[in-house]
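A.B. asks: missing the sequence, but the structure's below:
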Ligand SMILES: Nc1nc2c(ncn2[C@@H]2O[C@H](COP(=O)(O)OP(=O)(O)OP(=O)(O)O)[C@@H](O)[C@H]2O)c(=O)[nH]1
């Protein structure tokens, strides 16, 4: 390995390089879905690709498939409820207008039949998610058509249009609101032509009362769903943060988390003289272990080294995996104490036995460097430890060496 190659990125880049959404619609509060769905709806694949959240691992295919299949079922009861509530102001206005039977039939179709029909259509579709999107657009069409049929009665018209629009936006599905707009406008114009654009905007107290349930329940449902979404995002952020701080294979600090912790130690050292030594640990001839015993056995060795590190450190210092077969520890200790720790660790690694891989033996080389004085930083500290590690490798491996500013340590 070329130890002369210094690393980048806060001073370093891993030598071996190893070790290293979609926008989830938050709610189904469509007029058809007044109550938030218990879990986020899956979004369209194309949309998810564009979303910044797609950087986060997408759910496994099976989970997505199950969600897609279950979407119509989850939407169904909310569509039944939402359309049912919309029927209240509609009936109140139609009674006042003494509407003809086709208007009643249209209301009955939209409010009471459509939710069941939509469910059947989506369930029978080869692509239930897209079928549900079409259903959402048709929900808007119904809402739009009811406005002229109510002769533009102000309060229920505004409530229905606002609710149905808010639901599209609130669904989190990009473009859904815009896509449903033409259908809604078309329905308003078509209904207007049928009624001769009859205009009676004054809302009676009865109609106002009948409009309240959908208004109140919708507002509460949107608030609740937003609350749930925010909570879920908060929890996922915490989870992501925790994952970012850990190396997946060994459970030690991830590189970035280790850098944060160690920088703090270095700063304390430079501010108050707190002792600090860096320990850079590299598995010897690790490529050979992989080649001979397989990557699984190599992983076992890395995990075992990490376990020994944890046991040795007992929570003192910051141990991380820089990447590949390289570990690093920032110890709040002087060089002599750090050397003791390093030697114990080295001996323990050399004595490792692997039940699953008899004959497998590992060893590590370790470079030590005391913390540099200001203004030198983490980069320089790591470089000093890297030079020491280079010497340990060069002198035959399975040994500990001090940085070039120090007298060499015995193996
Ligand atoms: N099993 C396993 N191998 C890894 C992992 N990450 C990197 N490696 C391998 O670790 C090896 C590291 O080899 P090098 O550091 O280049 O050299 P080496 O064989 O250890 O030799 P010296 O360090 O000079 O003693 C490479 O073959 C990588 O493919 C990992 O997470 N698991």
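C.D. replies: Nice, thanks for sending it over. What you see is a predicted model; the values in this text were computed from it and never measured.

A.B. asks: only C-alpha atoms for contact and neighbour calcs from this point on.
C.D. replies: Will do.

A.B. asks: For the one helix or strand residue 387 maps to, what does the pLDDT average out to?
C.D. replies: Assigned by DSSP states H and E, residue 387 belongs to helix 378-394. In this model, helix 378-394 has an average pLDDT of 95.

A.B. asks: quick one: it near the ligand?
C.D. replies: No - Helix 378-394 lies out of reach of the ligand by C-alpha under 6 Å from any ligand atom, never closer than 6.6 Å.

A.B. asks: and the helix or strand just after that helix, what other elements does it pack with?
C.D. replies: Of the helices and strands lying after helix 378-394 in sequence (DSSP H and E), the nearest is strand 400-402. Counting contacts by 3 or more C-alpha pairs under 8 Å, 6 or more residues apart in numbering; DSSP states H and E, strand 400-402 is packed against helix 335-350, strand 364-370, helix 378-394.

A.B. asks: How about strand 400-402 and the ligand, touching?
C.D. replies: No - Strand 400-402 does not reach the ligand (C-alpha under 6 Å from any ligand atom); its nearest approach is 13.3 Å.

A.B. asks: Partner strands of that strand and their direction?
C.D. replies: Strand pairing for strand 400-402, using DSSP bridges, gives strand 364-370 (parallel).

A.B. asks: Not counting its own residues, what contacts the strand it pairs with?
C.D. replies: Strand 364-370 is contacted from outside by 276-284, 334-335, 338-339, 342, 346, 349-350, 381-382, 384-393, 397-403, using C-alpha atoms under 8 Å, 6 or more residues apart in numbering.

A.B. asks: out of the helices and strands packed on strand 400-402, deepest packed?
C.D. replies: strand 364-370 (a mean of 30; mean count of other C-alpha atoms under 10 Å).

A.B. asks: Could you point out the helix or strand that follows the biggest helix by length in the chain?
C.D. replies: Using DSSP state H, we find that the single longest helix of the chain is helix 205-245. Following helix 205-245 in sequence order, the next helix or strand is helix 255-272 (DSSP H and E).

A.B. asks: What lies in contact with that following helix?
C.D. replies: 244-247, 274-276, 318-323, 330, 332, 371-374, 377-378.

A.B. asks: Now a ChimeraX select for only the buried ones of these.
C.D. replies: Per 16 or more other C-alpha atoms under 10 Å, the buried members of the contacts of helix 255-272 correspond to this ChimeraX selection:
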select :245,246,247,275,276,318,319,320,321,322,323,330,332,371,372,377,378
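
A.B. asks: returning to that earlier point: please tabulate the helices and strands packed on strand 400-402 in a markdown table, including the columns distance to residue 127.
C.D. replies: Formatted as a markdown table, the helices and strands packed on strand 400-402 follow (distance: least, C-alpha to C-alpha, whole Å):
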| stretch | distance to residue 127 |
| --- | --- |
| helix 335-350 | 55 |
| strand 364-370 | 55 |
| helix 378-394 | 53 |
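
A.B. asks: Nearest to residue 108 among those would be which one?
C.D. replies: helix 378-394 (71.6 Å; C-alpha to C-alpha).

A.B. asks: now the closest one against helix 255-272, angle please.
C.D. replies: Using axes from the mean of the first three to the mean of the last three C-alpha atoms, to 10 degrees, one finds that helix 378-394 and helix 255-272 are set 110 degrees apart in direction.

A.B. asks: What is helix 378-394 packed up against?
C.D. replies: helix 255-272, strand 277-283, strand 364-370, strand 400-402.

A.B. asks: Would you mind measuring from the residue of the chain most remote from its centre to residue 154?
C.D. replies: Distance to the chain centre peaks in the chain at residue 98, reaching 53.4 Å (criterion: C-alpha atoms, centre = their mean). Distance, residue 98 to residue 154, by C-alpha to C-alpha, to the nearest Å: 17 Å.

A.B. asks: Many thanks, I have nothing further to ask.
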